[in-house]
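Peer 1: this one's structure only:
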Ligand SMILES: Cc1cc2nc3c(=O)[nH]c(=O)nc-3n(C[C@H](O)[C@H](O)[C@H](O)COP(=O)(O)OP(=O)(O)OC[C@H]3O[C@@H](n4cnc5c(N)ncnc54)[C@H](O)[C@@H]3O)c2cc1C
């Protein structure tokens, strides 16, 4: 995880549990009040052993001088959420100042916000900002069960009948095509949720003939469709086999072996770390939102930062050894 940006020390002022498996942390900078940030921003917490994890800021602005973040307990975890859940009030942490990759474009005639599970966190502030500017955004909030849904008490009075809850274990289901039809032709969607939900939204958006840039999303990282297991890649252009352990990404495992790929987002969004897959496509568990459903099905490429495989696959990284001119 890259953690650029100015770092500040913060004290954990209080910890709450707004929903099952979700903990809210009030973070107060040691230097004074928390600085404002655009809705959709996140900060990165520097945990021990070089681990860094990002968390979206709750609300349109700091609350009583504190940045609020909410962390879902994740299983299996490489340590981030577990370390956050081990914190007690009074703990001192180092965090980056807030920054955003998920900006709200103002001036659209209509807004639809879609959250899946803990993906609600950046959308609370967006909903608050839009309402304050006089918009009437709709927010669709989907989760497995009602007791896992944080911030309903804050969103209900704000949005009234603009808030729709879709609860899996109560038989709810999300009609993406219908919601897109209801959205003004120049309207925008902002969404954050599991990769499957985002892939479905991208497909429905494309099907409706909407402008790709008007569907904006943030991913928190995907747990994929299958559990993470060790797998082997034959890196054809380097002529080597590399083992990818269950707790390392393909990108990391290649770097461990001196095979460096270009990368940026580390969330399967930007596509910089895409590699060519020679075979077999069926072994791939695509965990990105960069490739289209069609490209995933074709299985000729994968995003090395998040996607995994079962068994053994063959890839090409695009590496070409320098040619030596003879004669
Ligand atoms: C901009 C941004 C904002 C975020 N905001 C929030 C937020 O508000 N609240 C929140 O709870 N989280 C948020 N996250 C996610 C958060 O940063 C952490 O990823 C999360 O807490 C899990 O960390 P972890 O170390 O416990 O789990 P990880 O070990 O990172 O596991 C996360 C998921 O990835 C899967 N996984 C584990 N190992 C691998 C592997 N080797 N290869 C591929 N997949 C693997 C796991 O199955 C698990 O489901 C945000 C992330 C980003 C990038």
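Peer 2: Done, it's in. Since the structure is predicted, the reported quantities are computational estimates derived from the model, not experimental observations.
Peer 1: Need the pLDDT of residue 222.
Peer 2: Note on residue 222: pLDDT of 69.
Peer 1: Sorry, wrong one. I was asking about residue 216.
Peer 2: At residue 216, pLDDT is 95.
Peer 1: tell me the secondary structure for it?
Peer 2: Applying DSSP: H, G, I helix; E, B strand; the rest coil to residue 216 yields a three-state assignment of strand.
Peer 1: which one is it nearest to, not counting chain neighbours?
Peer 2: residue 190 (5.2 Å; C-beta to C-beta, 6 or more residues apart in numbering). Every C-beta, even on glycine, is put in place using the N, C-alpha and C of the backbone.
Peer 1: Need the mean per-residue confidence for the helix or strand hosting the one you found.
Peer 2: Using DSSP states H and E, residue 190 maps to strand 188-192. Averaged over strand 188-192, pLDDT sits at 97.
Peer 1: What lies in contact with that strand?
Peer 2: 40, 56, 102, 104-105, 108, 110-116, 119-123, 126, 180, 183, 197-198, 201, 205, 214-220 (C-beta atoms under 8 Å, 6 or more residues apart in numbering).
Peer 1: same check, this time on stretch 291-308
Peer 2: Contact partners of stretch 291-308, identified using C-beta under 8 Å, 6+ apart, comprise 199, 202-203, 206, 221-222, 224, 226, 228-229, 231, 244, 249-251, 254, 261, 263, 265-268, 271, 273-277, 280-282, 284-288, 290, 309, 315.
Peer 1: redo that, cut-off 7 Å
Peer 2: With contact meaning C-beta atoms under 7 Å, 6 or more residues apart in numbering, stretch 291-308 is reached by 199, 203, 221-222, 224, 228, 231, 249-251, 254, 261, 263, 266-268, 271, 273-277, 281, 284-288, 290.
Peer 1: tell me what the longest strand anywhere in the chain is packed against?
Peer 2: Ordering each strand of the chain by length in residues (DSSP state E) puts strand 7-19 first. Applying 3 or more C-beta pairs under 7 Å, 6 or more residues apart in numbering; DSSP states H and E, we find strand 7-19 packed against strand 22-29, strand 92-96.
Peer 1: Residue 151 is nearest to which of the ones you listed?
Peer 2: strand 22-29 (9.0 Å; C-beta to C-beta).
Peer 1: Name the residues that touch the next helix or strand after the closest one?
Peer 2: Counting by DSSP H and E, the next helix or strand C-terminal to strand 22-29 is strand 42-46. The set of residues external to strand 42-46 that reach it, using C-beta under 7 Å, 6+ apart, is 3, 7, 52-57, 67, 69, 84, 93-98.
Peer 1: Quick one: mean pLDDT for strand 42-46?
Peer 2: 94.
Peer 1: And for stretch 260-280?
Peer 2: 87.
Peer 1: okay, how far is it across that stretch, tip to tip?
Peer 2: 23 Å (C-alpha to C-alpha, to the nearest Å).
Peer 1: just to revisit the earlier point, save the helices and strands packed on strand 7-19 as CSV, and put in mean neighbour count too.
Peer 2: Output for these, formatted as CSV (neighbours: other C-beta atoms under 10 Å):
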stretch, mean neighbour count
strand 22-29, 21
strand 92-96, 17
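Peer 1: which residues touch the residue nearest to residue 84 when sequence neighbours are not counted?
Peer 2: Of all residues not flanking residue 84 in the chain, residue 71 sits nearest, at 4.4 Å (C-beta to C-beta, 6+ apart). Residue 71 makes contacts with 23, 25, 55, 81, 84, 85, as judged by C-beta under 7 Å, 6+ apart.
Peer 1: how many other residues sit next to residue 155?
Peer 2: By other C-beta atoms under 10 Å, 23 other residues sit near residue 155.
Peer 1: Confirm it sits in a helix?
Peer 2: Yes. Assigned with three-state DSSP, residue 155 falls within a helix.
Peer 1: Could you find the closest non-adjacent residue to it?
Peer 2: The shortest distance from residue 155 to any non-neighbouring residue, by C-beta to C-beta, 6+ apart, is to residue 163 (5.3 Å).
Peer 1: Just want to check the distance between that neighbour and residue 219.
Peer 2: Distance of residue 163 to residue 219, given as C-beta to C-beta, to the nearest Å: 23 Å.
Peer 1: Show me which of those two is the more surrounded one.
Peer 2: The neighbour comparison of residue 163 against residue 219 (other C-beta under 10 Å) goes to residue 219, with 22 against 18.
Peer 1: Name the spans of the stretch 201-327 of the chain whose pLDDT lies under the cut-off.
Peer 2: Low-confidence segments of the stretch 201-327 of the chain, defined by pLDDT under 70: 222-223, 320-327.
Peer 1: Tell me where it has strands.
Peer 2: 215-218, 231-235, 240-244, 274-279, 284-285, 301-303, 308-309, 312-316 (DSSP state E, counting those that start in this stretch).
Peer 1: Can you tell me which of those is most buried?
Peer 2: strand 301-303 (a mean of 27; mean count of other C-beta atoms under 10 Å).
Peer 1: Do that one and the ligand come into contact?
Peer 2: No. Judged by C-beta under 6 Å from any ligand atom, strand 301-303 stays clear of the ligand, getting no closer than 10.6 Å.
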